[in-house]
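>>> okay, sequence plus prediction incoming.
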Amino acid sequence: MTDIIYTKVDEAPELASASFLPILQKFSAAAGVTIGTKDISLAGRILAAFPDYLSEEQRQPDDLAELGRLVKTADANVIKLPNISASVPQLVAAVKELQAKGYALPDYPEAPQTDAEKAVRAKYDALKGSAVNPVLREGNSDRRAAKAVKNFAQNNPHRMGDWSADSKTRVSSMNGNDFFSNEKSATLPEDTTAKIVLETADGEIILKDDIRYTAGTVVDATFMSAAALKEFLAAEIESTKSDGTLFSLHLKSTMMKVSDPIIFGHAVKTFLAPVFQAHGSALAELGVNPNFGLGDLLERVKDNADILADINSCIAARPPMYMVDSDKGISNLHVSSDVIIDASMPALIRAGGKGWG
């Protein structure tokens, strides 16, 4: 085992690592300190999850699981670089890229039917969202900037955009029937068991059974009303249009891999409500899932002139949309993994409180 582990991640940090890591290793070697690497990239984690589908030379160890065990020990020293917190479209794209390179991975089952498909889906779903951070932060995670870095940032502040008095900004959030207002917690007086049940029109679905809690455990639960969410989104779309501001959505879609992509999907479906009302069955046949975003939807309907025309007509009638990348036409509703509030808010502030339309 090396003294320091440097994590291999995805494209952008990996480009920097190609030049920086050899320098680190050269300097540390003079002091007798070894630096090794572990692969926690999305591609690496996909390969580690499906060894039975790969040839012997293609198989990859589960480095993330190994690091999860290591960080709980006193001797662990891991340099963790930024990693992709994958949305479904990102995950599917990574799988297709690996398949094109000769890795016989199974496709991501969007609507699993058989037990085998459900098992494959469960393995892929474990890789979605922020699958890395909760594992590595089980140890003593230090995210503080080094003093020299902090001093440099203070002496060389980031360029700030101009704030003008006539710039309009409006922030809205639900005022009821959301996670905050519905939250309940209780301290259990004795050991007990519990289960998580979803009540549907067709009956109850047990999501998780035989959960065991010890006395003194604080159990916390909440829910959001989908009907209240849709009502809120529809009202905000109209208010944004009358205000003359950009419509934007700010969630934590990469970390909240169950709830926030679904909230994101409701926003996509509400923004394009006339399209889903007019073409619901056709969109379903094309495999459209609003949780995957506007980008995936446009790709699936690209050969249907009627649906495309209605999408363009609907967007023209809506308020202008906040753009993630205006040069490439990537909007705030294109993919859930682009909507991460702790990245979007600082960018808005640095731009003088403005977004790109």
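Looks like it came in fine. Residues are numbered from 1 along each chain as shown.
>>> pLDDT below threshold where in the stretch 251-357 of the chain?
Residues of the stretch 251-357 of the chain that meet the criterion pLDDT under 70 lie in 253-257.
>>> repeat that for the chain.
253-257.
>>> the top strand by length along it: what's the following helix or strand?
Longest strand of the chain, by residue count under DSSP state E: strand 203-213. The helix or strand immediately downstream of strand 203-213 is strand 218-221, counting by DSSP states H and E.
>>> who does that next one touch, helix- and strand-wise?
In terms of contacts (3 or more Cβ pairs under 8 Å, 6 or more residues apart in numbering; DSSP states H and E), strand 218-221 is packed against strand 184-187. Heads up, the C-betas are built off the backbone N, CA and C, glycines and all.
>>> just checking, next helix/strand downstream of the strand it packs on?
By DSSP H and E, the next helix or strand past strand 184-187 is strand 192-200.
>>> can you list the strands that that next one pairs with?
strand 203-213 (antiparallel) (DSSP bridges).
>>> and the contacts of the strand it pairs with?
If you take Cβ atoms under 8 Å, 6 or more residues apart in numbering as the criterion, strand 203-213 is touched by 188, 191-198, 219.
>>> how many residues are close by residue 28?
Residue 28 has 15 neighbours, counted by other Cβ atoms under 10 Å.
>>> ok, now residue 103?
For residue 103, using other Cβ under 10 Å, the count is 18.
>>> which residues touch it?
47, 53-54, 58.
>>> pull out the buried positions in the lengthiest helix in the chain.
Longest helix of the chain, by residue count under DSSP state H: helix 11-30. Buried residues in helix 11-30, defined by neighbour count with 16 or more other Cβ atoms under 10 Å: 13, 17, 21, 25.
>>> spatially nearest residue to the third one, not counting backbone neighbours?
With Cβ to Cβ, 6 or more residues apart in numbering as the measure, residue 6 is the residue that lies nearest to residue 21, at 5.9 Å, once sequence neighbours are left out.
>>> for that neighbour, give the beta-bridge partners.
Bridge pairing for residue 6 - DSSP bridges - gives residue 37, residue 79.
>>> so it touches residue 33, yeah?
No - using Cβ atoms under 8 Å, residue 6 is not in contact with residue 33; the gap is 11.8 Å.
>>> what about those two, which has more around it?
residue 6 (20 against 14).
>>> show me how far the longest strand of the chain is from its chain's centre.
Averaging C-alpha positions (Cα atoms, centre = their mean, to the nearest Å) puts strand 203-213 26 Å from its chain's average.
>>> closest to residue 225 out of the contacts of strand 203-213?
Proximity of the contacts of strand 203-213 to residue 225 (Cβ to Cβ) peaks at residue 198, which lies at 14.2 Å.
>>> returning to that earlier point: list just the nearest of the buried residues of helix 11-30 to residue 356.
residue 13 (25.0 Å).
>>> measure the closest one to residue 20 for me?
Distance from residue 13 to residue 20, counting by Cβ to Cβ, to the nearest Å: 9 Å.
>>> just residue 333 next, same as before
Residue 333 is 36 Å from residue 20, by Cβ to Cβ.
>>> how far does stretch 347-357 stretch from start to finish?
End-to-end distance for stretch 347-357: 14 Å, by Cα to Cα, to the nearest Å.
>>> for the chain, which segments are assigned as helices?
11-30, 42-49, 63-70, 88-100, 115-125, 133-136, 147-155, 226-243, 259-271, 273-285, 294-300, 305-317, 341-350.
>>> what's in contact with the longest one?
To tie it back to what came earlier, the one meant is helix 11-30. 3-4, 6, 8-9, 34-35, 37, 41, 81-83.
>>> let's have these in a markdown table, adding distance to residue 164.
Below are the contacts of helix 11-30 laid out as a markdown table (distance: Cβ to Cβ, whole Å):
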| residue | distance to residue 164 |
| --- | --- |
| 3 | 53 |
| 4 | 48 |
| 6 | 44 |
| 8 | 44 |
| 9 | 39 |
| 34 | 54 |
| 35 | 48 |
| 37 | 48 |
| 41 | 42 |
| 81 | 37 |
| 82 | 33 |
| 83 | 37 |
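>>> Produce a PyMOL select command limited to the buried residues of these.
Under the burial definition 16+ other Cβ under 10 Å, those of these that qualify are selected in PyMOL by:
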select buried, resi 4+6+8+9+35+37+41+81+83
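>>> and the contacts of helix 11-30, which of them are in strands?
4, 6, 8, 35, 37.
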